[in-house]
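Q: what's the 3D shape of this:
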Amino acid sequence: MPSQGEAGRPFPRSSDPGPPSLVTVILPTYNEREALPPLLRALGEILSRQGFRSEILVVDDDSPDGTAEVARSTALPVPLTVRVRRGERGLASAILFGLREAGGRVAVVMDADGSHPAVTVLPLVKAVVEGGAEMALASRYTSGGETRDWPLGRRLISHGATFLARPLTSARDPMTGFFALDRAILSRSPLDPVGYKIALEILVRSRPAPIREVPFVFTERSVGRSKMGAREMARYLRHLGRLYRFRILNRRPRGSGRGGPGGTSPRPVERLDPQS
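A: You can find the predicted model right below:
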């Protein structure tokens, strides 16, 4: 059975052809009324200058500040869809909803609070579509990447969380919330995240290979307050426990290839098709 982000349409299988020329940028939002329009305009300008078809998908958790209305009123040179979820909230489930509803075979996930620069979207997309990666991570901890304006406590928490996940993945920045992927890899295993570290969930359960890390400079959110807190840290530890159990119970047999037992054939390198 194919994996599903939530009850509804399944993720594409690896054998499904899909539309490789369409790229979907997914923006999960909650109370991002002030930060979202500048990001949408920057994304629209960057995507419209490229030679591939693209769309932006905003997944809003029924923000009381009117984020969805502001998004709908922002004129862009690329298609924009705004989906409002009512009765459910949470960053991880919003991302999974967006990954399921995306029209493109390639999807980019990024925060809408100004901490993820729009200019990094294109190198992430090219790493997947032209570079043959199944997943590309925007990394703070690879050469050329960095974190700005973070207090020492936040830095220690980030490095500690990364250290705890080190046995699960070779990625230098598995905690990133900014990444691109071939949606077909999501059919390999059901996703069951706790908290908001969805990239780590995909890295462990979907086993993308190869992975590319693209350096970027992370800056503290431009508007509003960070959602990081003790509750999210506790949820991360629960999530980590689940992933370690999954890895122990699903050890890859010796000689298996990409994507789990039995492996898959190498993913062909594709070129971004021009806009039609």
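Q: Which residue is the nearest non-sequential neighbour of residue 144?
A: residue 215 (3.3 Å; Cβ to Cβ, 6 or more residues apart in numbering). All C-beta atoms are positioned from the backbone trio N, CA, C, and that covers glycine.
Q: At which residues are the helices of the stretch 1-150 of the chain located?
A: 36-48, 67-72, 91-101, 121-129 (DSSP state H, counting those that start in this stretch).
Q: Which of those helices sits closest to residue 167?
A: Among those, the nearest to residue 167 by Cβ to Cβ is helix 91-101 (21.7 Å).
Q: Which elements pack onto the closest one?
A: Contact analysis of helix 91-101 by 3 or more Cβ pairs under 8 Å, 6 or more residues apart in numbering; DSSP states H and E lists strand 22-29, strand 53-60, strand 80-84, strand 106-109, helix 198-205 as its packing neighbours.
Q: can you state the direction angle for that helix and strand 80-84?
A: Orientation check (axes from the mean of the first three to the mean of the last three Cα atoms, to 10 degrees): helix 91-101 against strand 80-84 gives 130 degrees.
Q: Quick one: mean pLDDT for stretch 37-53?
A: On average, the pLDDT along stretch 37-53 is 94.
Q: Same check on stretch 83-96?
A: 93.
Q: Export that stretch to PDB, keeping only CA atoms.
A: Extracted C-alpha coordinates of stretch 83-96, given in PDB (Å, rounded to 0.1, in the frame of the first residue of the first chain):
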ATOM      1  CA  ARG A  83      -5.500  25.700   1.800                       C
ATOM      2  CA  VAL A  84      -6.900  26.400   5.300                       C
ATOM      3  CA  ARG A  85      -7.100  23.400   7.700                       C
ATOM      4  CA  ARG A  86      -9.800  23.600  10.300                       C
ATOM      5  CA  GLY A  87      -9.900  21.400  13.400                       C
ATOM      6  CA  GLU A  88      -6.300  20.400  13.200                       C
ATOM      7  CA  ARG A  89      -3.100  22.200  13.900                       C
ATOM      8  CA  GLY A  90       0.600  21.300  13.900                       C
ATOM      9  CA  LEU A  91       3.600  22.000  11.700                       C
ATOM     10  CA  ALA A  92       4.400  18.300  10.900                       C
ATOM     11  CA  SER A  93       0.800  17.400   9.800                       C
ATOM     12  CA  ALA A  94       0.600  20.700   7.800                       C
ATOM     13  CA  ILE A  95       3.700  19.800   5.900                       C
ATOM     14  CA  LEU A  96       2.500  16.300   5.300                       C
END
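Q: what comes up buried for that stretch?
A: With burial defined by 16 or more other Cβ atoms under 10 Å, the residues of stretch 83-96 counted as buried are 84, 85, 90, 91, 92, 93, 94, 95, 96.
Q: do stretch 62-77 as well
A: The neighbour-count check on stretch 62-77 (16+ other Cβ under 10 Å) flags 63, 67, 68, 70, 71, 74, 76 as buried.
Q: related to what we said a few turns ago, against residue 147, how distant is the residue nearest to residue 144?
A: Note on residue 215: its distance to residue 147, by Cβ to Cβ, to the nearest Å, is 11 Å.
Q: so what sits against both of those two?
A: Residues touching both residue 215 and residue 147 (Cβ atoms under 8 Å, 6 or more residues apart in numbering): residue 140.
Q: Pretty sure residue 161 sits against residue 176.
A: No: at 11.3 Å, residue 161 does not count as touching residue 176 under the criterion of Cβ atoms under 8 Å.
Q: Those two - which one has more neighbours?
A: residue 176 (26 against 17; other Cβ atoms under 10 Å).
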